[in-house]
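Enquirer: I'll drop the sequence and a predicted model, then ask my questions.
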Amino acid sequence: MRKKLTTIIFDMDGTLADTEEIHRQAFNLAFDDFNLDWHWSRKEYADLLKISGGRERMRQYALDDSDFKMPPDLDGYVAGIHKLKTRHYARMLVDGEIKLRPGVRRVLEECRAEGLRLAIATSSQLTNVTTLLNNNLPLDWPSWFEVIATCDVVEEKKPSPAVYQYVLDKMQISPQECLALEDTRNGFLAAKAAGLKTVITTHYFTQGNDFEDASLVVDSLGEPDQPFNVATGHPEILQLIEKEEKTFVTPDLFKEIVSGTAHPVDKCA
């Protein structure tokens, strides 16, 4: 019996928008505010993304820096930096420095038209979600998502499946009827541990991550005039994409992914 897709669960950072570069810049501005000699390059930040959560990244970075003079209250110190970082990040979002990734607005609208339920499951803060979507979607966007789960309500970060389990519980749905959209290995592992099939949209910071067993890995959701590039995925899905000459993601493709049961291959033929 074919499984029926009812729900799409979106990650935010890197998935809805390519926010990671803005996060990196905001961290560096906050480091300057604190007169720290830390500066995270793009390459370094890509490696740091293996750690979920900004405060968690900074804490580990401080512990690994032998030249850093450890404050009496490291967690409090890191929280202060993160508070300034969040202000810089919000300002850059409000200034319009970041837009939704290709295909995201289209896919959201098409999923709604198909009657699919939508949710967000992110390790980011609710204020970050609100600021991003206030600047990129119509004013009624909160009504588009039945659940918005953030670190404000689920403290345990990805790769823990906790945030996905929270969404499933709140929506009273099973993993078998859902699809997750992610961009990082930690996000993928979280969705996988929750029993969800996953579509990955990679970017600069995650294109080298290991996404073995992901249902589909592309560089974006794509648009009619901006096709995606396929990296890997389940054989049936890759064959479908090739047979039907698909160049962008649609709700119908999501439905095929949820109904399939294949194993991954390395490259699209």
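Expert: Now that the structure is in, tell me what you want to look at.
Enquirer: can you count the residues close to Glu146?
Expert: The number of residues packed near Glu146 is 14, by other CB atoms under 10 Å. Placement of C-beta: from N, CA and C, glycine included.
Enquirer: quick check: it vs Ser220, distance?
Expert: According to CB to CB, to the nearest Å, Glu146 and Ser220 sit 25 Å apart.
Enquirer: Asp75 now?
Expert: For Asp75, the distance to Ser220 (CB to CB) stands at 37 Å.
Enquirer: between those two, point out the one with more neighbours.
Expert: Neighbour totals were compared for Asp75 and Ser220, and Ser220 leads with 19 against 10 (other CB under 10 Å).
Enquirer: double-check that the more buried one belongs to a helix.
Expert: No. Secondary structure of Ser220 (DSSP: H, G, I helix; E, B strand; the rest coil): coil, not part of a helix.
Enquirer: so who does it touch?
Expert: For Ser220, the contact set (CB atoms under 8 Å, 6 or more residues apart in numbering) comprises Arg101, Pro102, Gly103, Thr201, Gln226, Phe228.
Enquirer: can you count the residues close to the closest residue to it other than its chain neighbours?
Expert: Distances taken as CB to CB, 6 or more residues apart in numbering put Pro102 closest to Ser220, at 4.4 Å, once the chain neighbours are dropped. A count of nearby residues for Pro102, using other CB under 10 Å, gives 21.
Enquirer: from the contact counts, what lies against the longest helix belonging to the chain?
Expert: The longest helix of the chain (DSSP state H) is helix 74-94. In this structure, helix 74-94 packs against helix 20-33, helix 54-64, helix 126-134, with contacts taken as 3 or more CB pairs under 8 Å, 6 or more residues apart in numbering; DSSP states H and E.
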